[in-house]
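Colleague: can you look at this prediction? I've put the sequence above it.
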Amino acid sequence: MARLRSIRHPLRRFAQVDSRRRALTIEAVLCLLAARLALVLVPFPRLAHRLGTFVAPGDARVARSRRQGSRAQMDQAAMVGWAVTRAARYLPFKAVCLPQAMAARIMLNRRGIVSVLHFGAGKEGNRQLGAHAWLDAAGVEVTGYPVRPDFAEIACFV
């Protein structure tokens, strides 16, 4: 019974969201599922070809795509970020930074909005190396923000 109550609350809140956000959230769930399956089933070198062009963080294409887009593009990028982060909270599997960034990138590509997928690494206490992925588009921080200051950006996909 407690499990049913824990499901009812998010469903009730989902029903209260306007239809545009609801559709975007459903799309985000499907894209997160696709990203998760791709990460589990496809070797990363093969998957990397589908993510875009692999470049260094200082590449001119990264700087160009970080520029502020039109107001409509900025609004769409923010809405995609909202939908992906909300959907990731309620999935039955863990959708961490990389699947979130991949899902948002898929959604933005469908809308013709250029995005940059960043990869970084840093120490996470006890000398363990941690990794993080984040995405920005049209001058908007879409997913994975804020990035910890001890993470160094290693590479990007444009």
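Modeller: Received the coordinates, thanks.

Colleague: what about the residue nearest to the spatial centre of the chain, distance to S70?
Modeller: In the chain, the centroid-proximal residue (C-alpha atoms, centre = their mean) is A101; its distance is 2.3 Å. Using C-beta to C-beta, to the nearest Å, A101 is found at 22 Å from S70. (Glycine included, C-beta is placed from N, CA and C.)

Colleague: for E27, same thing?
Modeller: 21 Å.

Colleague: more crowded one of the two?
Modeller: E27 (18 against 11; other C-beta atoms under 10 Å).

Colleague: would it be right to say that C156 lies in a strand?
Modeller: Yes. Judged by DSSP: H, G, I helix; E, B strand; the rest coil, C156 forms part of a strand.

Colleague: what sits against it?
Modeller: If you count contacts by C-beta atoms under 8 Å, 6 or more residues apart in numbering, C156 has them with F54, V55, A56, P57, D59, V62, V116, L117, H118, F119.

Colleague: show residues contacting the longest helix along the chain.
Modeller: Counting residues, the longest helix found in the chain (DSSP state H) is helix 19-41. The contact list for helix 19-41, computed with C-beta under 8 Å, 6+ apart, reads 14, 17, 47, 50, 79-80, 82-84, 86-88, 91, 93, 95, 98-100, 102-104, 106-107.

Colleague: and it, how far from the chain's centre?
Modeller: From the chain centre to the centre of helix 19-41 is a distance of 10 Å (C-alpha atoms, centre = their mean, to the nearest Å).

Colleague: all helices for this structure, in order.
Modeller: 2-16, 19-41, 44-51, 60-66, 71-89, 97-110.

Colleague: tell me the buried residues in the last one?
Modeller: When you say that, I think you mean helix 97-110. C97, L98, P99, Q100, A101, M102, A103, A104, R105, I106, M107, L108 (16 or more other C-beta atoms under 10 Å).

Colleague: what does the shortest one give?
Modeller: For helix 60-66, burial by neighbour count (16+ other C-beta under 10 Å) applies to V62, S65, R66.

Colleague: shaky segments in the chain?
Modeller: Where the chain drops to pLDDT under 70, the residues are 1-16.
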